[in-house]
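In: Sequence plus predicted model, see below.
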Amino acid sequence: MSEEADGERHGDRPSRGAGGTSRGDEDATTSRPPSPLEAVLGIGTDLELRATLQHIVDTAAELVGARYGALGVLDPERGGLTELFTAGMSEADRQRIGRLPDGHTGLLGLLIEDPRPLRLDDLTADPRSAGVPPGHPRMRSFLGVPLQLETTVLGNLYLTEKRTGSFSEQDESLLRVLASQAALAIGNARLYGTARQRERWIEGAAAVTTALLTGENATDALITVAESARVLADAYAGVVLQPTEDGGMEIVATSTLGDPAGIVGTIIEPGSPVLVQLFGGEPVFIEDSSTDPRMTTHVRTRFGPSMMLPLQAGGKLIGTLALPRRRGGRPYRAVDRLLATQFASQAALALVLADAQHDREQLAVFEDRDRIARDLHDLVVQRLFATEMMLESTRRRATSTDLDELLGRAVDELDSTIQEVRTTIFALQQPPAEGPTSVRGMVLRETGGAAAVLGFRPSVRFTGPVDTLVGEPAGRSLLAELRGALAAAHRREGVTAIAVEVDAMAPLADGRTGVRLIVADDGPREDGGRGTTMTWEAPR
């Protein structure tokens, strides 16, 4: 036997790569197909799944001497192939074939439904062969094995067009080894991906809890939840809804990758099937928001797959976290749904804890303000009043005109100080709130706070564009005068109604236009009549 023939028998024959080009002119060492052991060891050195699977199908085609090879990865939840790695096909071949096979029909579907190796000399003669695209290269000999991990089929690996004759039992054995390695690689990659994903969700939930407990206000807290969940779920938007008084739900906070216009304020009307599930504490998973009949809002046309997760604490629904993806986006997997549901439970608890902490802080502020007000009233005001009485008594006995005038000024200063302290006490007795920046908002806050002390809410009327015309200095002075007038009304007995009027276009005595504040009440006067009016005006 010649040396060439002996080399052919031991596998040192010229081979063809994945693209079908001859490599007979290359060095014999580089053209020699890898041994099965070398092939398996080579697979184990690559930690990136896609590269590993491509290496497996290339190695299988080269080891067995097949012109074409393919490795299909099966979707574990919906069936069908999610990815297909090929060997021996050019880019032009793949373009002619077009879409991936669905994995449900033909020999590929058979390998999944009946996970046993399959060898055929002519697949075109087999009645089970179906679903071959028109542009697919011509193929006859066929060898396929399932990618199986324990009892779970993860995909399939198959070769076609054996270069020399038909596929043998030895070819089948080699392919089964490579298929087991591919299945193991896919399984490990999925386990690692799930573990990393779970770790990210746990870290995200911890970060949200920390952020909420650092003192964010209610609106910022909801936005924090929406933003964190959107990033973790790889969603197009993160949306928080809260129940309305009539039994519906309103979007109150959102975080989006695109234009959020028209989302905040959107209401899901009462009676919606989605709300029935949410109020029952059940999450809602939607394949396509734009076509699902349960979705009734006008913004649904923007979104595709979506999760709507109840935010529950103590058996009470405090809101809903919605995580929609773009139309046509990839569906959520079971692990996505599980981790997002757990995140929603943690976020709901964090929101409740943050709200309770805020209430405790507010209570501490109330108690401190009340203590300060009592101290001012019981100690400072009483001492100032006693000093004023002493000075007034001394003034009556004074014989010098200059001394009388000096004591009179001191009495007036003390009286003014007493009024300012009482005004401060009145302000301290009002509930603290985040101060509005507009004059209109500050006036409404003061009158609203006074209602808690007076027992009724003063009426307020604005004339003219107050926020536009009244500047900051005039606004501060107006607010101080309003506090003083409300405090004075509170001190008088028998006041049951107060009317506040702010006129931003009032004519002043010097002919200019300014701002005027009028505070009128129905309390008794010293002359026996009823009704007291305080008027203050100033240039704007």
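Out: Yep, it's here.

In: CA atoms for contacts and neighbours, from now on please.
Out: Will do.

In: which non-adjacent residue is nearest Pro115?
Out: Distances taken as Cα to Cα, 6 or more residues apart in numbering put Pro146 closest to Pro115, at 5.5 Å, once the chain neighbours are dropped.

In: The one you found contacts Gly109, doesn't it?
Out: No: the criterion here is Cα atoms under 8 Å, and Pro146 misses it with Gly109 at 10.1 Å.

In: So which of those two has more stuff around it?
Out: Pro146 (30 against 23; other Cα atoms under 10 Å).

In: which strands and helices sit next to the helix or strand encompassing the more buried one?
Out: In this structure, Pro146 is located in strand 142-149 according to DSSP states H and E. Under the contact definition 3 or more Cα pairs under 8 Å, 6 or more residues apart in numbering; DSSP states H and E, strand 142-149 sits against helix 106-113, strand 118-120, strand 152-162, helix 169-212.

In: can you pull the buried residues of it?
Out: 142-149 (16 or more other Cα atoms under 10 Å).

In: how much space between Glu269 and Ser393?
Out: Relative to Ser393, Glu269 is positioned 72 Å away (Cα to Cα, to the nearest Å).

In: neighbour-wise, which of those two wins?
Out: Glu269 (17 against 12).

In: check contacts around that one.
Out: 247-249 (Cα atoms under 8 Å, 6 or more residues apart in numbering).

In: Can you say which of these are buried?
Out: 248-249.

In: So for Arg230, which of the helices and strands packed on strand 142-149 sits nearest?
Out: Nearest to Arg230 among these is helix 169-212 (10.7 Å), distances taken as Cα to Cα.

In: Determine the angle, from 0 to 180 degrees, between the closest one and strand 142-149.
Out: 40 degrees (axes from the mean of the first three to the mean of the last three Cα atoms, to 10 degrees).

In: quick one: helix 169-212 to strand 152-162, angle?
Out: Using the same axes, to 10 degrees: helix 169-212 against strand 152-162 is 140 degrees.

In: moving C-terminal of helix 169-212, what's the next helix or strand?
Out: helix 218-233.

In: what's the average pLDDT for the helix or strand just after that following helix?
Out: Downstream of helix 218-233, the next assigned helix or strand under DSSP H and E is strand 237-243. Confidence for strand 237-243, expressed as mean pLDDT, is 89.

In: now stretch 330-350
Out: 89.

In: any low-confidence regions in the stretch 51-200 of the chain?
Out: Residues of the stretch 51-200 of the chain that meet the criterion pLDDT under 70 lie in 79, 95-106, 127, 129-136.

In: what do you get if the cut-off is 80, keeping everything else the same?
Out: 76-82, 90-114, 123-139 (pLDDT under 80).

In: Turn the helices and strands packed on strand 142-149 into a markdown table, columns for distance to Gln342.
Out: Below are the helices and strands packed on strand 142-149 laid out as a markdown table (distance: least, Cα to Cα, whole Å):
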| stretch | distance to Gln342 |
| --- | --- |
| helix 106-113 | 33 |
| strand 118-120 | 44 |
| strand 152-162 | 27 |
| helix 169-212 | 9 |
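
In: out of those, nearest to Pro473?
Out: helix 169-212 (36.2 Å).

In: what's the distance between the closest one and the middle of its chain?
Out: Mean-position distance between helix 169-212 and its chain equals 25 Å (Cα atoms, centre = their mean, to the nearest Å).

In: what helices or strands is it leaning on?
Out: Secondary-structure packing of helix 169-212 (3+ Cα pairs under 8 Å, 6+ apart): helix 36-44, helix 49-64, strand 142-149, strand 152-162, helix 218-233, helix 334-375.
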